[in-house]
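Colleague: coordinates only, sequence not included:
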């Protein structure tokens, strides 16, 4: 009897991914979960700029253009970070790490989304909003991803500025300029980003270390990281109060309560780390998402009701 020599697994033809798998991969390149959080902050900014409810068409067009811009930045981020994504357990399932989408195609996809977002926002809102969307894309890709991320532990602090732009874009889409409340909202997200991301990085410290990315938890002790989280948390909560002169009772109440809630958890994490007790930084990470959503939803409701605090000139 003749024997059949088995074909080595690595020599067998690789089955091409299905069309639905490829479509899902392109969607995954845009990181939809991150986009959701960005959009949560855009609508309240537009309501505050209008001091009421803006045109539904303007809201929808701004959200659509903002989604395309954020998707562009995230896709281009995946292109640049394809090498380290393949090394990290948290990101090794991303499309480029799994070779579901060719790198060249992902690059073209990201650029097309960016160009389209600029053209769309310019046509449906104004040039200022469109230009700031492109500026956010360029800052996220060129400054954060290509320069800061692999060189400094302060990468997420300064690089996170790109994620603060949706509130400024939303404001400018309504007014055609950028008022001081827009920059205060920018600051809220700016100071929120380090506690949010460092809590995640504490959990996945080994991932970042293996990929050679100097996130703060990689280069600092857990106690130092937890202390920085507490400091930024206090600044963030204090910063939210700067919006009070432009808002009313609803925002005042919820910003204070949500801020207290966040600070309690930040201090719990720090105390556990300081005492060398078991800690779960992911609790703070998930809480941070809920906190930001709650504060901006309260801002949206407050703006829609337009009930200023008595005696304030807004």
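Modeller: Sure, I can see it. For clarity, every value in this text was computed on a predicted model and none was experimentally measured.
Colleague: List the buried residues in stretch 219-233.
Modeller: 220, 222, 225-226, 228-230, 232-233 (16 or more other Cβ atoms under 10 Å). For the C-beta atoms, the positions are set from N, CA and C on the backbone; glycine is no exception.
Colleague: Which of those fall in helices?
Modeller: For these, the ones inside helices are 222, 225-226, 228-230, 232-233, with DSSP state H as the criterion.
Colleague: Backbone dihedrals for residue 30, both of them.
Modeller: Here is the backbone geometry of residue 30 (degrees, to the nearest 10): phi -80, psi -10.
Colleague: since we're on it, how many residues are nearby?
Modeller: Around residue 30 there are 21 other residues, counting by other Cβ atoms under 10 Å.
Colleague: Next: residue 71.
Modeller: Going by other Cβ under 10 Å, the residues that sit close to residue 71 add up to 25.
Colleague: Any figure for the gap between it and residue 137?
Modeller: 10 Å (Cβ to Cβ, to the nearest Å).
Colleague: what's the answer for residue 200, then?
Modeller: Note on residue 200: its distance to residue 137, by Cβ to Cβ, is 23 Å.
Colleague: okay, those two: which has more neighbours?
Modeller: A count of neighbours by other Cβ under 10 Å puts residue 137 above the other of residue 200 and residue 137, at 29 against 21.
Colleague: Grab the nearest non-local neighbour of the more buried one.
Modeller: Using Cβ to Cβ, 6 or more residues apart in numbering and skipping the chain neighbours, the partner closest in space to residue 137 is residue 73 (4.5 Å).
Colleague: ditto for residue 152
Modeller: In space, not counting the residues next to it along the chain, residue 152 is nearest to residue 214; the distance is 6.5 Å by Cβ to Cβ, 6+ apart.
Colleague: May I have the residues that are in contact with that neighbour?
Modeller: Contacts here follow Cβ atoms under 8 Å, 6 or more residues apart in numbering; on that basis residue 214 touches 150-153, 155, 208.
Colleague: So it lies in a helix, does it not?
Modeller: No: when the secondary structure is assigned by DSSP: H, G, I helix; E, B strand; the rest coil, residue 214 falls in coil instead of a helix.
Colleague: from now on call the first residue 29
Modeller: In the new numbering, first residue 29, that becomes residue 242.
Colleague: Now do the phi/psi pair for it.
Modeller: Torsion angles at residue 242 (phi, psi; degrees, to the nearest 10) stand at phi -80, psi 50.
Colleague: That one and residue 257, how far apart?
Modeller: Using Cβ to Cβ, we find residue 242 at a distance of 17 Å from residue 257.
Colleague: Would you mind listing the buried residues in the helix or strand bottoming out on mean pLDDT in the chain?
Modeller: For the chain, the helix or strand with the lowest mean confidence is helix 47-57, at a mean of 87 (criterion: mean pLDDT, DSSP states H and E). The neighbour-count criterion (16+ other Cβ under 10 Å) identifies 53-54, 56-57 as the buried residues of helix 47-57.
Colleague: same check, this time on stretch 57-74
Modeller: Buried positions in stretch 57-74, judged by neighbour count with 16+ other Cβ under 10 Å: 57-59, 63, 65-74.
Colleague: can you give me the helices in the stretch 29-178 of the chain?
Modeller: Assignment of helices within the stretch 29-178 of the chain using DSSP state H, counting those that start in this stretch yields the ranges 47-57, 60-78, 84-108, 110-113, 131-152, 155-166.
Colleague: Next, the angle helix 131-152 makes with the first one.
Modeller: Going back to what we said before, that points to helix 47-57. Our comparison of helix 47-57 with helix 131-152, counting by axes from the mean of the first three to the mean of the last three Cα atoms, to 10 degrees, yields an angle of 60 degrees.
Colleague: For stretch 200-220, which outside residues touch it?
Modeller: Residues outside stretch 200-220 that contact it (Cβ under 8 Å, 6+ apart) are 69, 72-74, 76-78, 82, 86, 90, 149, 153-154, 156-157, 160, 188-189, 191-193, 195-196, 199, 260, 263-264, 267-268, 270-271, 274, 316, 319-320, 323, 327.
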